[in-house]
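> Got a sequence here, can you model it:
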Amino acid sequence: MRAIIVAAGMGRRLAPYTDDRPKCLVEVNGRSILERQLDAYQACGVDEVVIVRGYRKESIQIPGARYYDNDAFRDNNILCSLFYAEAAMDDEFLFSYSDIVFRPEAVRAAQNTDGDYALVIDRLWHEAYVGRLNHPVEEGEVARVEEGKVVRVGKKTVAPADATGEFIGLARFSKAGAAKMRERFHAKKRALAGQPYGRAPRFEVAYLTDLLNDLIDDGEVMRPAFIDGGWREIDTVEDLERAKPIVTW
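Predicted structure coming up:
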């Protein structure tokens, strides 16, 4: 199975740790975020790794990995960054943000969830926000699930009180789901270049969740792959320090 990791961003909020390296190479208890992701993927049978690089791209050198470079990383965001690897989206794949660490169980949850779209959603998401000052709950990509379907996901799209959980930035997309994502991406890119898309002020800086919500609105069924903890986002220096006593896997 294939995994696509989007690791192009600068990780400004993790400075000074990211002054000389991309966010995915920041270490948590002696091992980088990327190493930890690769271990979790390998434990779940992933045998092909694709990485979208950008900031300090030459630093990311993983034996056997395939690379796509987003040299415009300062001017775009996660959605456009993913589509630099569009050639690798021709079959089923796992997807992850490059600033999360997770146990293999999170990968298995995505693999074992039926449907064309499986979004890993943490039901214990509130616990990570207790005392988290530099990344408030309003910035979380929370999700609302109704009758077994994700009906809305992303920052400021669901009131925290109405959230079922938080989308952790790990998902599985089937071959058919990936095809629909590619079709919708290009249609919106042609129609909305320089214009708002979802909650983004312009298409070029949209999040993946903007595309997912667009597809949901068009009738696509997204399934929750529920987990209860077992992961952490490393977005700020505070997150890194708070993760150290927790990330023991």
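> how about the strands of this protein, start to end?
2-7, 27-28, 31-32, 48-53, 66-69, 93-97, 100-102, 117-122, 142-146, 149-153, 165-173, 223-227, 231-233 (DSSP state E).
> Return the most buried member of those strands.
Of all these, strand 117-122 carries the top mean neighbour count, a mean of 27, counting by mean count of other CB atoms under 10 Å. C-beta: built from backbone N, CA, C; applies to glycine.
> Each with direction, which strands does it pair with?
strand 165-173 (antiparallel), strand 223-227 (parallel) (DSSP bridges).
> What lies in contact with the last one?
Looking back up the chat, that one is strand 223-227. 105-106, 109-110, 112-115, 117-123, 143, 145, 148-150, 164-165, 168, 171-172 (CB atoms under 8 Å, 6 or more residues apart in numbering).
> what angle separates that strand from strand 142-146?
120 degrees (axes from the mean of the first three to the mean of the last three CA atoms, to 10 degrees).
> What of the first one?
Between the direction of strand 165-173 and that of strand 142-146, the angle (the same axes, to 10 degrees) works out to 80 degrees.
> Average pLDDT for strand 165-173, rounded please.
Averaged across strand 165-173, the pLDDT comes to 98.
> same deal with stretch 140-157?
97.
> swap in stretch 195-208?
98.
> mind checking how far it is from the chain centre?
16 Å (CA atoms, centre = their mean, to the nearest Å).
> in it, what's buried?
Using 16 or more other CB atoms under 10 Å as the test for burial, stretch 195-208 gives 197, 198, 200, 203, 204, 205, 206, 207, 208.
> Can you tell me which of these end up in helices?
residue 208 (DSSP state H).
> What's the biggest helix in the protein, counting residues?
Counting by DSSP H, the longest helix found in the chain is helix 175-192.
> Please save the CA atoms from that helix in CSV.
C-alpha atoms of helix 175-192 as CSV (Å, rounded to 0.1, in the frame of the first residue of the first chain):
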residue,chain,number,x,y,z
LYS,A,175,-8.9,4.7,-6.2
ALA,A,176,-12.4,5.9,-7.0
GLY,A,177,-12.3,8.5,-4.2
ALA,A,178,-8.9,9.7,-5.4
ALA,A,179,-10.2,10.1,-9.0
LYS,A,180,-13.1,12.2,-7.8
MET,A,181,-10.7,14.3,-5.7
ARG,A,182,-8.6,14.9,-8.8
GLU,A,183,-11.5,15.8,-11.0
ARG,A,184,-13.0,18.2,-8.4
PHE,A,185,-9.6,19.8,-7.7
HIS,A,186,-9.0,20.7,-11.3
ALA,A,187,-12.5,21.9,-11.9
LYS,A,188,-12.3,24.3,-8.9
LYS,A,189,-8.8,25.4,-9.8
ARG,A,190,-10.0,26.5,-13.3
ALA,A,191,-13.1,28.2,-11.9
LEU,A,192,-11.7,29.8,-8.8
